[in-house]
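Enquirer: Fold the following and give me the result.
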Amino acid sequence: MNQKYRDFGSWMQQLFHCKVQKLAVNAGFTCPNRDGLLSKGGCIYCNNRSFNPAYCVDGIGVRQQLEAGKQFFARKYPEMKYLAYFQTFTNTYAPLSRLKTLYEEALSVPDVVGLVIGTRPDCVPDEVMQYLGELARRTFVLLELGVESCNDHTLRLINRGHTFACSADAIERAHHAGLYTGVHIILGLPGEDATESLRQARVLSQLPIDVLKLHQLQVIRDTPLERMYREKPFKLYTVEEYLDLVAQYIKVMRPDMIYDRFTSQSPAGLLVAPRWGLKNYEFVNLLEKRL
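Expert: Predicted coordinates for the structure are as follows:
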């Protein structure tokens with residue numbers, strides 16, 4: 001384990017005593033920020049094509065997607081175990097009966113040892129949280145909540161559709177339900193400088209979060225953020241600036257936090273800016289040297 005921070009891979013090794021890989025699943029969910037319940041425009045930075053692997057296709061069953069993902073990795077790591085990662089859009093945004101069917105299908109696939117469920121803080125009603133808590137008593141369940149910012153002004157600007165109080169409430173409820181709780185945060189959102197990000201780190205550090213996933217802000221094609229950026233370019237971090245910020249962030253955050261990722265790597269054909277030319281592991285190597 002890295003001496004400066006706890007990383008997700010080492011945590012998985014401690015829990016399962018083997019190599020564990022997340023396999024993304026597209027289960028055909030939508031989002032209340034897209035289907036008209038809250039909005040039809042979505043968050044201003046979101047283009048779901050930027051983080052969907054090739055084997056993860058809507059219209060193909062959960063089992064089929066997971067088996068395809070397993071084949072991709074099994075040639076190199078035949079002893080690998082897997083987490084079914086319900087990633088695309090809001091993966092608790094459906095009737096409980098449908099959620100149970102999808103999650104149980106994933107857990108029935110050989111070598112799948114748990115679930116990672118990505119969702120919005122405002123889309124986990126009590127009955128769903130209770131069911132996930134029951135599921136967590138027999139298998140690994142990590143609930144990933146898209147918090148993105150602790151600043152309500154920023155959340156309105158990016159058309160997120162919920163407040164930070166909503167996020168904090170969901171984090172607390174997930175913790176009390178017995179779930180591992182993960183949080184997504186975007187660093188460098190318009191109007192948020194390093195000082196504001198570090199203020200938010202201190203806020204997050206007080207909440208019962210197990211896993212943190214940090215991403216630098218990226219401008220992706222065919223999003224409202226791209227139009228904003230082209231009309232009036234705003235500050236985006238350079239690699240060096242972002243390295244400094246993440247190093248400070250880790251120092252501010254409580255020491256038992258587990259870090260899943262520090263950067264996002266969007267396909268070159270969709271990425272407008274910033275173009276760092278770094279793979280995720282290359283950034284991690286630079287960060288470890290910096291720390």
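Enquirer: all strands of the stretch 1-150 of the chain, in order?
Expert: 6-7, 20-25, 81-86, 112-119, 140-148 (DSSP state E, counting those that start in this stretch).
Enquirer: To residue 46, which of these lies closest?
Expert: strand 140-148 (9.7 Å; C-beta to C-beta). For the C-beta atoms, the positions are set from N, CA and C on the backbone; glycine is no exception.
Enquirer: Let me know which of the strands of the stretch 1-150 of the chain is tucked in deepest.
Expert: strand 140-148 (a mean of 24; mean count of other C-beta atoms under 10 Å).
Enquirer: what angle sits between that one and strand 81-86?
Expert: For strand 140-148 against strand 81-86, the angle by axes from the mean of the first three to the mean of the last three C-alpha atoms, to 10 degrees is 40 degrees.
Enquirer: hmm, who's touching strand 140-148?
Expert: 15-16, 43, 83, 113-121, 124, 132, 135, 154-155, 158, 160, 164, 167, 170-171, 174, 179-186, 189, 204, 210-211, 213 (C-beta atoms under 8 Å, 6 or more residues apart in numbering).
Enquirer: Give me the buried subset of the residues you listed.
Expert: 43, 83, 113-121, 124, 132, 135, 154-155, 158, 160, 164, 167, 170-171, 174, 179-186, 189, 204, 210-211, 213 (16 or more other C-beta atoms under 10 Å).
Enquirer: Secondary structure class of the residue nearest the centre of the chain, three-state.
Expert: Compute the mean C-alpha point of the chain, and by C-alpha atoms, centre = their mean the closest residue is residue 184, 4.7 Å away. Counting by DSSP: H, G, I helix; E, B strand; the rest coil, the backbone at residue 184 sits in strand.
Enquirer: Residue 209 is in contact with that one, correct?
Expert: No: taking contacts as C-beta atoms under 8 Å, residue 184 lies outside contact range of residue 209: 10.8 Å.
Enquirer: Check the burial of residue 45 by counting its neighbours.
Expert: A count of nearby residues for residue 45, using other C-beta atoms under 10 Å, gives 23.
Enquirer: Now do the phi/psi pair for it.
Expert: phi -100, psi 0 (degrees, to the nearest 10).
Enquirer: so where's the stretch 1-150 of the chain shaky on pLDDT?
Expert: 1-3, 48-59 (pLDDT under 70).
Enquirer: run the last query once more with 50
Expert: For the stretch 1-150 of the chain, the stretches flagged by pLDDT under 50 are 1-2, 50, 55.
Enquirer: For it, which segments count as helices?
Expert: Taking DSSP state H, counting those that start in this stretch, the helices of the stretch 1-150 of the chain run over residues 8-16, 62-74, 96-107, 126-136.
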